[in-house]
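Asker: any chance you can model this:
(chains A and B)
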Amino acid sequence: MMQPMSAKELEYIVDSISNEDLLLKQCGVVATSATNQAIKQTCHQMINMHQQHIQTLVQSIQQHQQMAPSQPQN
Amino acid sequence: MNQQQSQQQPVSIQTLLPDHDMAYTVLADLKRVVREYATAATESSCQQIRQMFTQLTNDTLRMQGDLYNVMQQQGMYSTASPALRQEVDKQLQQQQQTQQKAQQHLQQIGLAGGQQNQQFQAYQQPQSQQQYQQ
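Answerer: You can find the predicted model right below:
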């Protein structure tokens, strides 16, 4: 049974999206500019993972959207 | 991916930030993000969100490990120097004592079967420890 997300959880999710966004861009820089092929390839592969993570995090906000109260509780 | 390098430009990105530094910034951020995900998991009250953060912790930990391995294979990360035998011997002895005292403590408060010789208990415990290591 799904419960509403806490304010703290929402903040962690938002911070996590910033982290993933930064990692995605950093990996993009390495994937395009590194001369070492092994490093280049590893970072290229990681881009997909970070994209998936962002998607998962955004979806978790979406899933809890309807349950969120419009008035402060207690 | 675009293979074009900036060799013709006066200052290439390679000069600005060499490969190993670039890789290291990603590695350092992955380490930080693993910790943040683990903290988020421990502080989540919603079961689904806790599961999500646990999964993200594991995924990120794996990526960090993969990148570390590649960096090490490419000679970008010097292997950590081994702990000296003398120090390992000393710590092993001290930590076995700690383990033994914990066992004695449990016996004193009546939470452990106290029939066995206490000295040997530390050596009999590893049966359960092996399960965790494998």
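Asker: which residues of the chain score low on pLDDT?
Answerer: No chain specified, so I'll use chain A. Applying pLDDT under 70 to chain A flags the ranges A:1, A:74.
Asker: to clarify, I was referring to chain B.
Answerer: In chain B, residues with pLDDT under 70: B:1-10, B:113-134.
Asker: near chain B, which residues of chain A?
Answerer: A:2-6, A:8-9, A:12-13, A:15-16, A:19-20, A:22-23, A:26-27, A:29-36, A:38-40, A:42-44, A:46, A:49, A:53, A:56-57, A:60, A:63-64 (C-beta under 8 Å from any C-beta of the partner chain). No exception for glycine: its C-beta is placed from N, CA and C like everyone else's.
Asker: now with 7 Å?
Answerer: Applying C-beta under 7 Å from any C-beta of the partner chain, we find that chain A lies next to chain B at A:2-3, A:5-6, A:8-9, A:12, A:15-16, A:19, A:22-23, A:26-27, A:29-36, A:38-39, A:42-44, A:46, A:49, A:53, A:56, A:60.
Asker: my read: B:M52 touches A:Q55, true?
Answerer: No. Using C-beta atoms under 7 Å as the test, B:M52 is too far from A:Q55 to be in contact (11.6 Å).
Asker: out of those two, which sits in the more crowded spot?
Answerer: Legend: neighbour count by other C-beta atoms under 10 Å in any protein chain shown for B:M52 and A:Q55, higher for B:M52 (24 against 11).
Asker: packing partners for the helix or strand hosting that one?
Answerer: Taking DSSP states H and E as the criterion, B:M52 maps to helix B:47-73. Applying 3 or more C-beta pairs under 7 Å, 6 or more residues apart in numbering or on different chains; DSSP states H and E, one finds that helix B:47-73 makes contact with helix A:37-65, helix B:19-42.
Asker: ok, the residue in chain B positioned nearest to chain A - contacts?
Answerer: Across chain B, the shortest distance to chain A (C-beta to the nearest C-beta) belongs to B:A40, at 4.0 Å. Contacts of B:A40 were listed using C-beta atoms under 7 Å, 6 or more residues apart in numbering or on different chains, and they are A:Y12, A:S16, B:F53.
Asker: just the element for the first one, please.
Answerer: The one in question is A:Y12. A:Y12 belongs to helix A:7-33, assigned by DSSP H and E.
Asker: circling back: Serialize the contacts of B:A40 to a markdown table and add fields for distance to B:T60.
Answerer: What follows is those, written out as a markdown table (distance: C-beta to C-beta, whole Å):
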| residue | distance to B:T60 |
| --- | --- |
| A:Y12 | 14 |
| A:S16 | 10 |
| B:F53 | 10 |
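Asker: most neighbours of all these, which one?
Answerer: Neighbour max across these (other C-beta under 10 Å) = B:F53, 25 neighbours.
Asker: would you confirm that that residue contacts B:S44?
Answerer: Yes. Counting by C-beta under 7 Å, B:F53 touches B:S44, with 5.9 Å between them.
Asker: could you find the closest non-adjacent residue to A:I47?
Answerer: The shortest distance from A:I47 to any non-neighbouring residue, by C-beta to C-beta, 6 or more residues apart in numbering or on different chains, is to A:C27 (4.9 Å).
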